[in-house]
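Visitor: When you get a sec, could you give me coordinates for this:
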Amino acid sequence: MHKLKPLNDFIFGKTFGEKGDEEQLLSLLNAILAKTKHKKLVKIEIVEHRTFTAEIVGDKTSILDIRAVAEDGTRINIEVQLRDYGNMDRRSLFYWSREFAGGLAKGEDYSLLSNVIAINIVNFEAVAVDDFHTVFHLWEDTHRDCLLTDALEIHFIDMKKFKALPGKDIKNNSLHRWLTFFDQNISDDTLKELMAMDTAIYKANEKMEFLANDKEVLRLYHLREMAQIDYNSGMKKAKDEGRAEEKIKVARNLLEMNMSHDQIVKATGLTLEEIRKL
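Guide: Numbers count the residues shown, from 1 in each chain. Predicted structure coming up:
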C-alpha cells in the first residue's frame with residue numbers, strides 16, 4: 001500500500017479537516033495549545049474546506065488550510081507549509097487578519113469579534129530561535145507582562161528543529177507524539193508504539209490508510225506533490241540564472257580591468273568560450 005506523507009497539505013487537510021475528523025483534530029490542537037496553558041478544548045466544529053479540485057490542488061500557490069471553531073467561539077486556522085516561499089511572517093498575519101475580520105458581519109459590534117489562533121507547521125526556519133515551537137501575542141514592549149488583547153495568537157512549529165531535538169519524550173508529551181507521527185520516515189515499530197499510546201493518532205493513521213486506498217485521493221495527492229516539485233524546480237532555475245548573470249557581470253568588470261582570460265576563468269568558473277563571447 002502507498003504510504004502517504006502526513007504533511008502533504010492536501011492529505012493533512014483530508015486527515016484533520018473533514019467532518020468526522022474531530023477526535024484527531026482536538027487531540028492535535030490540545031497538544032499544541034498546552035504550551036500557552038489554554039483551557040483544554042472539549043468540542044470543536046470543523047469548518048469544511050471548499051471542494052478539492054484538480055485546479056486547486058495543482059496550483060502551487062493555493063492554500064490548503066484547516067479551519068475550526070472552538071466552543072467559546074475562538075477561531076483556529078492551521079496551515080502546513082513545507083517549503084519556504086518567503087514572507088512567512090506577513091503571510092501568517094494576513095491569514096490571521098482575514099479570519100479575524102471575517103468573524104464580524106457588517107454593522108455588528110467589535111466586541112463580537114472572536115479570538116483567532118493561527119498555527120503554522122513548517123519545515124524551515126521561520127523564527128530565528130532554537131525552540132521548535134514558538135508563540136506570538138501582542139505584548140507591550142517595556143511592560144512585557146502587559147497584553148493588549150488575547151485576540152491574536154500565532155504559533156510556528158518547526159519540523160526541522162523538532163527532528164533535530166535530542167531525547168524526544170513521546171511517553172509524556174502529546175505534541176512530541178504528534179510531530180513524531182508527522183515524520184514521513186517513521187519506523188513501523190515507532191508508529192505502532194504511538195498508536196498504542198494515543199487513540200487519536202490511531203484514528204489519524206486509520207484515516208490515512210483509508211485515503212491511501214482511494215484512487216481519486218491518490219491522484220490529487222500526486223498532483224499536489226508535483227505542484228510543489230515544480231515550484232522548487234522553478235526556484236532553482238531562477239537562482240541558477242541569477243548566479244550565471246552575476247558571473248557574467250563579474251567577468252565583464254575583470255575584462256575592463258585587462259585581466260587575462262585564464263585568470264577570469266579561475267575567478268568566475270565561466271569557460272573560455274563564454275568569456276570570448278563577452
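
Visitor: for the chain, what are the low-confidence residue spans?
Guide: 1-2, 50, 230-241 (pLDDT under 70).

Visitor: Would you map the strands across it?
Guide: With DSSP state E as the criterion, the chain has strands at 44-47, 66-70, 75-81, 116-122, 133-136, 152-158.

Visitor: Leaving out chain neighbours, which residue sits closest to residue 177?
Guide: Among residues not flanking residue 177 along the chain, residue 170 sits closest, at 4.9 Å (C-beta to C-beta, 6 or more residues apart in numbering). C-beta coordinates here come from the backbone N, C-alpha and C atoms, glycine included.

Visitor: I'd say the one you found and residue 181 touch.
Guide: No: Residue 170 sits out of contact with residue 181 when judged by C-beta atoms under 8 Å, with a separation of 9.2 Å.

Visitor: what is in contact with these two at once?
Guide: Taking C-beta atoms under 8 Å, 6 or more residues apart in numbering as the criterion, residue 170 and residue 181 both touch residue 194.

Visitor: So the two - more neighbours on which side?
Guide: Set residue 170 next to residue 181 and count neighbours by other C-beta atoms under 10 Å: residue 181 wins out with 22 against 19.

Visitor: Check the gap between the more buried one and residue 242 for me.
Guide: Distance, residue 181 to residue 242, using C-beta to C-beta, to the nearest Å: 38 Å.

Visitor: go on, residue 58?
Guide: 27 Å.

Visitor: and those two? which has more neighbours close in?
Guide: More crowded of residue 58 and residue 242, by other C-beta under 10 Å: residue 58, with 14 against 10.

Visitor: Nearest spatial neighbour of that one, chain-adjacent residues omitted?
Guide: Per C-beta to C-beta, 6+ apart, closest to residue 58 is residue 223, 4.8 Å.

Visitor: same thing with residue 11?
Guide: Residue 11's closest residue in space is residue 4 (C-beta to C-beta, 6+ apart), at 5.0 Å.

Visitor: Near the one you found, how many other residues are there?
Guide: The burial count for residue 4: 21, using other C-beta under 10 Å.

Visitor: show me what contacts it?
Guide: The contact partners of residue 4, by C-beta under 8 Å, 6+ apart, come to 11, 208, 211-212, 221.

Visitor: mind redoing it with 10 Å?
Guide: Residues near residue 4 by C-beta atoms under 10 Å, 6 or more residues apart in numbering: 10-12, 14-15, 184, 208-209, 211-212, 217-218, 221, 225.

Visitor: Name the nearest of these relative to residue 83.
Guide: Nearest to residue 83 among the contacts of residue 4: residue 225, at 11.7 Å, using C-beta to C-beta.

Visitor: That closest one reaches residue 184, doesn't it?
Guide: No: the pair residue 225 / residue 184 is not scored as a contact, 11.5 Å apart, by C-beta atoms under 10 Å.

Visitor: Common neighbours of these two, please.
Guide: 4-5, 8.

Visitor: Let's have the strands of the chain in TSV, adding distance to residue 144 and mean neighbour count.
Guide: Formatted as TSV, the strands of the chain follow (distance: least, C-beta to C-beta, whole Å; neighbours: other C-beta atoms under 10 Å):
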stretch	distance to residue 144	mean neighbour count
strand 44-47	31	16
strand 66-70	27	21
strand 75-81	26	23
strand 116-122	21	23
strand 133-136	13	17
strand 152-158	16	22
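
Visitor: Could you dump those strands into TSV with distance to residue 266 added?
Guide: Output for those, formatted as TSV (distance: least, C-beta to C-beta, whole Å):
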stretch	distance to residue 266
strand 44-47	60
strand 66-70	53
strand 75-81	41
strand 116-122	40
strand 133-136	45
strand 152-158	40
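
Visitor: Let me know which of these is the nearest to residue 202.
Guide: That would be strand 44-47 among the strands of the chain, by C-beta to C-beta, at 18.7 Å.

Visitor: I would like the residues contacting that closest one, please.
Guide: Here strand 44-47 makes contact (C-beta under 10 Å, 6+ apart) with 16-23, 25-26, 29-30, 66-71, 74-77, 99.
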